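Novice: Mind folding the following:
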Amino acid sequence: MLAITISVWWYRGGLDDVRSDYVTRVGQQKSILLTDGSQVLLNTDTAIALDFAPERRTVRLFRGEAYFQIAKDETRPFLVQTAEGEVRVVGTKFNVRTMNHHTIVSVFQGWVDTVPESTHHKISAVHLGAGEETFLSQDGASQVRRFDSAMVTAWRRGQMVFYHTPLEDVVTELNRYHHGRIVVLGDHLQMLRVAGVFDATKPRQGIH
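Specialist: Modelled structure (predicted):
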C-alpha cells in the first residue's frame, strides 16, 4: 500500500510540488507579481520555482503552462527553464507550456532566445519574435512557425478553442482541466475533427 501511495504521489507531481514556490491545482489559475515587477499567470496543474540573484532572474517550470510579462532589466536577464531547454529574455511577453516531453514557447511581444537542453538536432537555438513559436524536445528546437493567438491565449480567458482538431487531442486538452480522465476508444473516433469553444471551468460542456 505504501509503494502504491508513493507511486500515485510521484505520478501526480508530488515531487514537483515539494520543490516549487507556486503550484496550481487542476482547474485552478494563479496570478503572481514577482519582486522585480514581472507578472506570471499560471494555468491549471502548474508548478514553478523561483531563483532570483543579482546577475540573473530564473524561473523553473516543472510542469504545466505559464504566461510571462517580464519587467525589463538589461543587467539581469530573465530565464525560464524546463526539462527540454531554456528561454532567455530581457523584457517581453510570452507563453511557455510543457506537454508530452515537449516545451512550446510562444512570443506575444519583444524577442526571446530559446536554447534546447539537447543540441543533437541540427537546429540548436532559435530566436523568436512576436507571433512566432517553437517546440523544444530531446531532439532540439523545431523550425519557427506562426501561431494562432486566439488559441494560445484562450486559457487566460477561461476557454479552450479548437479548429478542426482531432478528437483525441481535444480530449487530451479537456483532461487538463478536470479530475478524472476521459478516454476515447477506437481509432476512428479519435480522428474525428472538432471545432468549437469550451469553458475551461466546465470542460465537459461545449459553449460553441
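
Novice: Stretch 30-45: end-to-end distance?
Specialist: 10 Å (C-alpha to C-alpha, to the nearest Å).

Novice: now do stretch 50-58
Specialist: By C-alpha to C-alpha, one end of stretch 50-58 lies 6 Å from the other end.

Novice: quick one: contacts of that stretch?
Specialist: Defining contact as C-beta atoms under 8 Å, 6 or more residues apart in numbering, one finds that stretch 50-58 is touched by 21-22, 34-36, 38, 59-60, 73, 75-81. C-beta coordinates here come from the backbone N, C-alpha and C atoms, glycine included.

Novice: please redo it, this time with the cut-off set to 10 Å
Specialist: 20-22, 32, 34-36, 38, 40, 49, 59-60, 70-71, 73, 75-81, 86, 88-89 (C-beta atoms under 10 Å, 6 or more residues apart in numbering).

Novice: check contacts around the closest residue to residue 39 other than its chain neighbours.
Specialist: Nearest residue to residue 39, sequence neighbours excluded (C-beta to C-beta, 6 or more residues apart in numbering): residue 69, at 4.5 Å. The contact partners of residue 69, by C-beta under 10 Å, 6+ apart, come to 34, 37, 38, 39, 40, 41, 91, 92, 93, 94, 108, 109.

Novice: What sits closest to the first one if chain neighbours are left out?
Specialist: On the basis of C-beta to C-beta, 6+ apart, the spatially nearest residue to residue 34 that is not a chain neighbour turns out to be residue 40, at 6.5 Å.

Novice: Quickly list what the spatially most central residue of the chain is bridged to.
Specialist: Central residue of the chain (C-alpha atoms, centre = their mean): residue 97, 1.4 Å from the mean position. Legend: beta-bridge partners of residue 97 under DSSP bridges are residue 65, residue 104.

Novice: Pull the contacting residues for it.
Specialist: By C-beta under 10 Å, 6+ apart, residue 97 lies in contact with 43, 46, 61, 63-67, 82, 103-106, 133, 135, 152, 155.
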